[in-house]
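When you get a sec, could you give me coordinates for this:
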Amino acid sequence: MLFIVNWTLSSANRNSAIERFLKTGGAPPAGVKLIGRWYAVGGAAGFGVAEASDPALIQKWVLDWSDLMTMDVQVALTDEQMAPLLAGIVGK
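Have a look, this model is predicted:
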């Protein structure tokens, strides 16, 4: 299962988040494969895409960082997963 993880960092927690990231690399828990992370230039936000078979592992990752930033998680579908659903809507 793919997940999109968006985060927003407050200026009050910036340095603490930087220190934790430099110490841990922001690595997800075992069982979560990080596909990539992207950061907003000039902002305090970003998003990552991760893969896990158990959503509880994604929740653990969120809990590990929720003291420093706001995180929002959504389940994601690939083009291959979405195309049949879209075709069903237009009757093709």
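
what's across from the residue nearest to residue 35 when sequence neighbours are not counted in the sheet?
Leaving aside its chain neighbours, residue 35 sits nearest to residue 49 (4.3 Å; criterion: Cβ to Cβ, 6 or more residues apart in numbering). The C-beta positions use only the backbone N, C-alpha and C, and glycine is treated the same way. Under DSSP bridges, the beta-bridge partners of residue 49 are residue 4, residue 36.

could you measure residue 49 against residue 4, distance?
Between residue 49 and residue 4 the computed distance is 6 Å (Cβ to Cβ, to the nearest Å).

The one helix or strand in the chain whose mean pLDDT sits lowest - contacts with which helices or strands?
Every helix and strand in the chain was compared by mean pLDDT, DSSP states H and E; the lowest is helix 79-90, with a mean of 93. Here helix 79-90 touches no other helix or strand, going by 3 or more Cβ pairs under 8 Å, 6 or more residues apart in numbering; DSSP states H and E.

before we move on, the earlier item: can you give me the pLDDT of the residue nearest to residue 35?
Looking at residue 49, its pLDDT stands at 98.

list the contacts for it?
For residue 49, the contacting residues are 2, 3, 4, 5, 34, 35, 36, 76, by Cβ atoms under 8 Å, 6 or more residues apart in numbering.

and which of those is nearest to residue 58?
For the contacts of residue 49, the minimum distance to residue 58 (Cβ to Cβ) is 5.2 Å, reached by residue 3.

Wait, the closest one touches residue 72, no?
No: here residue 3 does not reach residue 72: they are 10.5 Å apart, not a contact under Cβ atoms under 8 Å.

Those two: which is more packed in?
More crowded of residue 3 and residue 72, by other Cβ atoms under 10 Å: residue 3, with 20 against 11.

contacting residues for that one?
By Cβ under 8 Å, 6+ apart, residue 3 lies in contact with 49, 50, 51, 52, 55, 58, 73, 74, 75, 76.

Narrow the residues you listed to those that are buried.
Buried residues within the contacts of residue 3, counting neighbours by 16 or more other Cβ atoms under 10 Å: 50, 52, 58, 73, 76.

All set now, cheers.
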